[in-house]
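J.: Structure of the sequence below:
(one chain, ligands or ions: 2)
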Amino acid sequence: MDKTELALDSVELTVVVPTFNEAENIGLLVQKLDQALGGIRWEVIFVDDDSRDGTAEHVRRLAHADPRIRCLQRIGRRGLSSACIEGVLASSAPYVAIMDADLQHDEELLPRMLGALRTEPLDLVVGSRYIDGGGIGEWGKGRAKISSLATRLSRLICKTEIADPMSGFFMFRREVFEHAIRRLSSQGFKILLDLLASSPRPLRVKELGYEFRLRRHGESKLDTLVAWEFGMLIADKLIGHLIPVRFILFGMIGVLGLFVHLAVLGLSVRGLALTFTTAQAGASIMAMTFNFFLNNILTYRDQRLKGARLLRGLLSFYLICGIGVVANVGIANYVFTAHYTWWLAGIAGVVVGSVWNYAVSSIFTWKR
Ligand code: GDD
Ligand code: MN
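T.: Ligands and ions are numbered 1, 2, ... in the order given. Presented below is the predicted three-dimensional model:
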């Protein structure tokens, strides 16, 4: 085979499918892709976050017999957006689609999406539930309401008018992605919204309606904290260029920690009649522990520590905060002896201590 023949064989469309515990859906999805994409040179990349149900092994078994199938397995990581991003980066096709594994997205739309991208001046084609021909199937009222609220909120950061910015089903030219990649927040569930908000110029988008189907096997990973991640994404896009959203969260949790500290201190001194020094030490440990766990769940939700790493993280957090206190007192003393008022000195100490705690724990406790 010469080079031109090889080029003719190259893949035109990569379908990136993020998976977490989807073993039962993989085989069926591949069958459906095969039927829907006749005549197109395509491949599918499953990005699996080390599912316990053997999804990755299952994909590799299928891949053994079919070179159009690939598995990208990530260890110790979670996150729908980051999984999609890494899947796209593993593709070299001119067109890339992102699609869920659970058969809720209508694969029949894929050839129409590709046709539109090939022939029309477009960057992105979105499978939409909120235009003619689209629908949300048999969703409960609650989820429908939440989805419509989120859609309205997302308009705050979208540069392009679009009916379904929360869709998890879309196809784009790879340059579009390459232009946005370094600006993506890559947090949470909302990769399309991230792309729309992060692209340097408004994208040329077309929406195609489809009916969101019911999940047949396995269960949804969308939990309440996904709403939290959504809020983080919106905040990051609105103010993230001024001050990191994580730092704001870290600071807010720090303030909560202060209340915990005072409550424990009060109880131990008054209720348990401990000496002040013992009570203060106990309260500090309680507050640090409280801050650590809250930060682990909220601020660093996408890098949550578990098991042995959780314990190691906690110990490193104690150590870092311990040094933070020394820095805090040192700076406050310095400012105070330079003849500034006590409260200014106090604030300076707290600010320096918090920045230290945040910066160093982001490197050592929640290292990437
Ligand atoms: N690799 C990886 N890592 N995949 C994940 C993760 C993760 O942490 N969490 C979920 N997935 C995969 C699932 O296995 C599934 O293939 C796909 O991402 C969507 O997850 P679901 O749990 O089925 O989400 P959903 O159906 O509730 O939400 C869908 O609809 C939303 C619109 O309401 C998704 O398409 C969302 O992106 C979309 O916004
Ligand atoms: Mn789903």
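J.: Just say helix, strand or coil for the residue of the stretch 101-250 of the chain found nearest ligand 1.
T.: Taking CB to the nearest ligand atom, ligand 1 has its nearest neighbour within the stretch 101-250 of the chain at residue 168, 2.2 Å off. The C-beta positions use only the backbone N, C-alpha and C, and glycine is treated the same way. When classified by DSSP: H, G, I helix; E, B strand; the rest coil, residue 168 comes out as coil.
J.: Begin at 863 from now on, thanks
T.: With 863 as the first residue, the last one maps to residue 1030.
J.: Hmm, it is touching residue 963, no?
T.: No - counting by CB atoms under 8 Å, residue 1030 stays clear of residue 963, with 10.6 Å between them.
J.: Going along the chain, name the helices of the stretch 1113-1230 of the chain.
T.: With helices called from DSSP state H, counting those that start in this stretch, the stretch 1113-1230 of the chain shows them at 1138-1156, 1169-1199, 1204-1226.
J.: er, the stretch 963-1112 of the chain actually
T.: Using DSSP H, counting those that start in this stretch, the helices of the stretch 963-1112 of the chain run over residues 971-981, 1003-1016, 1036-1042, 1053-1060, 1086-1101, 1107-1128.
J.: low-scoring stretches of this structure, by residue?
T.: Scanning the chain with the threshold set as pLDDT under 70 gives 863-870, 1000-1001, 1050, 1085-1086, 1230.
J.: tell me how far the ends of stretch 1013-1027 are from each other?
T.: With CA to CA, to the nearest Å applied, stretch 1013-1027 spans 6 Å between its terminal residues.
J.: Can you name the residues of this protein that neighbour ligand 2?
T.: Within reach of ligand 2 by CB under 5 Å from the ion, the chain has these residues: 962, 964, 966.
J.: which of those residues has the most neighbours?
T.: Using other CB atoms under 10 Å as the neighbour criterion, residue 964 leads the residues of the chain next to ligand 2 with 23 neighbours.
J.: ok now do it, which residues does it touch?
T.: If you count contacts by CB atoms under 8 Å, 6 or more residues apart in numbering, residue 964 has them with 884, 887, 1077, 1078, 1079, 1080, 1082.
J.: Between residue 1030 and residue 963, which is the more surrounded one?
T.: Shown here are residue 1030 and residue 963; by other CB under 10 Å, residue 963 has more neighbours (27 against 21).
J.: So what's the gap between stretch 1005-1022 and the chain middle?
T.: Distance of stretch 1005-1022 from its chain centroid, counting by CA atoms, centre = their mean, to the nearest Å, is 17 Å.
J.: Could you list the buried residues of that stretch?
T.: For stretch 1005-1022, the neighbour count (16 or more other CB atoms under 10 Å) marks 1009, 1012, 1013, 1016, 1019, 1020, 1022 as buried.
J.: Equivalent analysis for stretch 1213-1220, please.
T.: Residues 1214, 1215, 1216, 1218, 1219, 1220 are the ones in stretch 1213-1220 that count as buried (16+ other CB under 10 Å).
J.: ditto for stretch 1116-1131
T.: 1116, 1119, 1122, 1123, 1126, 1127, 1130, 1131.
J.: Write out the residues of this structure neighbouring ligand 1.
T.: Those residues of the chain that sit near ligand 1, judged by CB under 6 Å from any ligand atom, are 880-882, 884, 909-911, 940-942, 945, 962-964, 966, 1009, 1028, 1030, 1051, 1082-1084.
J.: so residue 878 makes contact with residue 955?
T.: No - between residue 878 and residue 955 there is no contact under CB under 8 Å: 10.1 Å.
J.: returning to what we had before: next, give me the two most distant ones among the buried residues of stretch 1116-1131.
T.: Pairwise distances among the buried residues of stretch 1116-1131 were taken by CB to CB; the largest, 22.3 Å, belongs to 1116 and 1131.
J.: Now a PyMOL select for only the buried ones of the contacts of residue 964.
T.: Command for PyMOL that selects the buried part of the contacts of residue 964, burial taken from 16+ other CB under 10 Å:
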select buried, resi 884+887+1077+1080
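J.: and the contacts of residue 964 as JSON lines, adding distance to residue 934?
T.: Shown next, in JSON lines, are the contacts of residue 964 (distance: CB to CB, whole Å):
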{"residue": "884", "distance to residue 934": "14"}
{"residue": "887", "distance to residue 934": "17"}
{"residue": "1077", "distance to residue 934": "23"}
{"residue": "1078", "distance to residue 934": "24"}
{"residue": "1079", "distance to residue 934": "21"}
{"residue": "1080", "distance to residue 934": "19"}
{"residue": "1082", "distance to residue 934": "22"}
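J.: From ligand 1, how far off is residue 1170?
T.: Distance, residue 1170 to ligand 1, by CB to the nearest ligand atom, to the nearest Å: 21 Å.
J.: Just give me the neighbour total for that residue.
T.: Residue 1170, neighbours per other CB under 10 Å, totals 8.
J.: With residue 1115 instead?
T.: 18.
J.: what sits against it?
T.: Residue 1115 makes contact with 1153, 1156, 1157, 1160, 1161, according to CB under 8 Å, 6+ apart.
J.: Closest to ligand 2 out of those residues?
T.: Using CB to the ion, residue 1160 is the member of the contacts of residue 1115 that lies nearest ligand 2, at 24.0 Å.
J.: Okay then, goodbye and thanks.
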